[in-house]
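Novice: Attaching a predicted model along with its sequence, questions to come.
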Amino acid sequence: MSLIIAALGVVNTLALSVFERRGEIGMLRAIGLERTRVKSMIRLEAVVISLFDAVNGVALGVFIAWAIAQTGNRPLVLVLSWTRITNILALAAVVGVLAAVWPARLATRLVVLEAIKTE
């Protein structure tokens, strides 16, 4: 459930980003940027957003787990599973790429002259 909510958050962020940067994307397309490059740009932005949020979430989760472990009478040892953390970050990158599909389509289907006219 949290992955679906995270994916929807990334889609919403990227769709707003594409909407707000219509003029910039139109200008880039007018000077020769190909549609595939626009899609790559949006995908990269989605992966950066997803990984940034995943790293923050893992760091906050580890800190909270450490803080809770220290509150007892006997301090517990915190054991981190690096493979699980790596899998979570890889999954976040995949979710970012999948979440970028719709906003990337929006960005590539902009009519260049109308996008430039909006500025």
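Specialist: Cool, the structure landed. Quick caveat, the model's predicted, so the values are computed rather than measured.
Novice: As a quick check, tell me the outermost residue of the chain.
Specialist: Asn73 (40.2 Å; Cα atoms, centre = their mean).
Novice: mind listing the helices for this protein?
Specialist: 2-20, 22-30, 35-70, 82-99, 101-108, 112-117 (DSSP state H).
Novice: how many neighbours does Pro52 have?
Specialist: I think there's a mix-up here, since residue 52 is Phe and not Pro. A count of nearby residues for Phe52, using other Cβ atoms under 10 Å, gives 12. Glycine gets a C-beta too; all of them are placed from N, C-alpha and C.
Novice: Is it possible to get JSON lines of the helices of the chain that adds mean pLDDT?
Specialist: Output for the helices of the chain, formatted as JSON lines (pLDDT from 0 to 100):
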{"stretch": "helix 2-20", "mean pLDDT": "84"}
{"stretch": "helix 22-30", "mean pLDDT": "87"}
{"stretch": "helix 35-70", "mean pLDDT": "90"}
{"stretch": "helix 82-99", "mean pLDDT": "92"}
{"stretch": "helix 101-108", "mean pLDDT": "88"}
{"stretch": "helix 112-117", "mean pLDDT": "78"}
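Novice: What's the separation between the closest residue to Ser50 other than its chain neighbours and Asp53?
Specialist: Counting by Cβ to Cβ, 6 or more residues apart in numbering, Ser50 lies nearest to Gly96, which is 3.1 Å off, once chain neighbours are set aside. Distance of Gly96 to Asp53, computed by Cβ to Cβ, to the nearest Å: 9 Å.
Novice: got it, and Ile68?
Specialist: Distance, Ile68 to Asp53, using Cβ to Cβ: 22 Å.
Novice: can you check Val18 too?
Specialist: 19 Å.
Novice: Could I get the contacting residues of Ala15?
Specialist: 102-103, 106 (Cβ atoms under 8 Å, 6 or more residues apart in numbering).
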